[in-house]
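Student: return a 3D structure for these sequence lines:
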Amino acid sequence: MEAYYKRYSRLPLLCQGHYTADGRGMSRGFDLFIDDRSLMPNLTTMLSYSYNDSRRRYLNDLTEQQPPYVSRHNLRLALKYGISIFNFALTESFASGRKSEGRTTPFYNSLDASVTYLASKRIIVYASLSNLLGRKNIYGYRGGKPTTNGSDRFLYIGIFVSLKSNKAYDIANF
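Tutor: Numbers count the residues shown, from 1 in each chain. The predicted structure is shown next:
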């Protein structure tokens, strides 16, 4: 667990049509991370939670307020299961709504899956599919209209090759 408190000064602030360095703000909260391998062999469970109370007076803001890119609560649960040269993972992510154009977005939620295959000591094939359930997440508003992804799901396939002769990949890192 880690707690933090940060103060910001000299942030850019728009005053009478000109930017000054008179902006200010603060951010406080804590992060919690739990990694457990005791439930069953080859299974790793990870839980992370972050609380962030952040306020800033910068850019066009007249008062200190929560920036549009900050969500107060973030939670992620990940399960990884390894069998020989394969690694399978499921990750569930939640984030509370964010302020955007005077209103709050709905909470963010995504269930993601991935498979990792160790083709050789220097070659890994990785595939992931995000947002398995196809939830329409809203990231903000622009002109009163919701900002969303162009696609509800995203498939990624990557081949990672190590060119070092003395270095091998560790499949547990994927």
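Student: pretty sure Leu14 sits against Arg57.
Tutor: No. Counting by CB atoms under 8 Å, Leu14 does not reach Arg57; the two are 10.8 Å apart. C-beta: built from backbone N, CA, C; applies to glycine.
Student: in stretch 37-48, what counts as buried?
Tutor: Buried residues in stretch 37-48, counted by 16 or more other CB atoms under 10 Å: Thr44, Thr45, Met46.
Student: ranges for the strands of the chain?
Tutor: 2-15, 18-36, 43-57, 73-83, 86-95, 99-100, 103-104, 108-120, 123-130, 140-142, 145-147, 154-161 (DSSP state E).
Student: possible to save these as JSON lines with distance to Thr63 and mean pLDDT?
Tutor: Putting these into JSON lines (distance: least, CB to CB, whole Å; pLDDT from 0 to 100) gives the following:
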{"stretch": "strand 2-15", "distance to Thr63": "12", "mean pLDDT": "95"}
{"stretch": "strand 18-36", "distance to Thr63": "11", "mean pLDDT": "95"}
{"stretch": "strand 43-57", "distance to Thr63": "6", "mean pLDDT": "97"}
{"stretch": "strand 73-83", "distance to Thr63": "23", "mean pLDDT": "96"}
{"stretch": "strand 86-95", "distance to Thr63": "24", "mean pLDDT": "97"}
{"stretch": "strand 99-100", "distance to Thr63": "12", "mean pLDDT": "90"}
{"stretch": "strand 103-104", "distance to Thr63": "17", "mean pLDDT": "92"}
{"stretch": "strand 108-120", "distance to Thr63": "26", "mean pLDDT": "95"}
{"stretch": "strand 123-130", "distance to Thr63": "36", "mean pLDDT": "95"}
{"stretch": "strand 140-142", "distance to Thr63": "20", "mean pLDDT": "92"}
{"stretch": "strand 145-147", "distance to Thr63": "24", "mean pLDDT": "93"}
{"stretch": "strand 154-161", "distance to Thr63": "37", "mean pLDDT": "94"}
